[in-house]
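> Here's a sequence, model it:
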Amino acid sequence: MIRSALAVTALLSLAACQQGEHARHASTDHKAPAQKDLLARGEYLARTAGCNDCHTPGYAESQGAVDKAQWLVGSPVGFRGPWGTTYPTNLRLKLSTMTETQWLDYSAKLRTRPLMPDFALRDMTLEDRRAIYQFVRSLGPAGQPAPAFIPPGQNPQPPYFDLVLPAAPPVAASATASGS
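A predicted model of the protein is given here:
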């Protein structure tokens, strides 16, 4: 009787171990496609949401024909306007210093100077911002930090785009006379 009980206990223990091992593999197998999907989504968003247009040197000029190893390393090309001169950040270096939680908080509240469409990032879903984070992190840190912001009234070193707003047209004499 005791032998039978021990044998049953041993068989149940062995079955439980095998079931636990199967569950562990099933769990891992389930996460792998989810991570793969998240990375694919992040790559898709970086490609279509315009991230590469500014943050990847030569991307727009080559119509997207830049090796992925060169993506999102920032740019030395500045954008000068009434706000000063801004440079696209090296996202690979920036995100390498942040946890996913920090990125999600940062990207949900992001307020930047032009030309960055921060509103577009803030309006993305949490899952889209997670996907971007995971994709950028998967590329690994690379490149150099982008040049620092230059305040208004200071001249940047080339290359930069000078974004000049035209002066308001003069008010026509007839418009002022009629009270319009």
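
> Only C-alpha atoms from now on, for both contacts and neighbour counts.
OK.

> Grab the nearest non-local neighbour of the residue nearest in space to the middle of the chain.
In the chain, the centroid-proximal residue (Cα atoms, centre = their mean) is I132; its distance is 4.3 Å. Closest residue to I132 apart from its sequence neighbours, by Cα to Cα, 6 or more residues apart in numbering: G42 at 4.1 Å.

> element containing that neighbour?
helix 2-48 (DSSP states H and E).

> What is the distance between the host helix or strand of S138 and the centre of its chain?
Assigned by DSSP H and E, S138 belongs to helix 126-139. Centroid displacement of helix 126-139 relative to its chain, using Cα atoms, centre = their mean, to the nearest Å, is 6 Å.

> in that helix, what counts as buried?
Within helix 126-139, the residues scored as buried using 16 or more other Cα atoms under 10 Å are D128, R129, R130, A131, I132, Y133, Q134, F135, V136, R137.

> any chance of those residues in CSV, plus pLDDT?
Listed next are the buried residues of helix 126-139 as CSV, based on pLDDT from 0 to 100:
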residue, pLDDT
D128, 97
R129, 98
R130, 97
A131, 97
I132, 98
Y133, 98
Q134, 98
F135, 98
V136, 98
R137, 98
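
> All good on my end, thank you.
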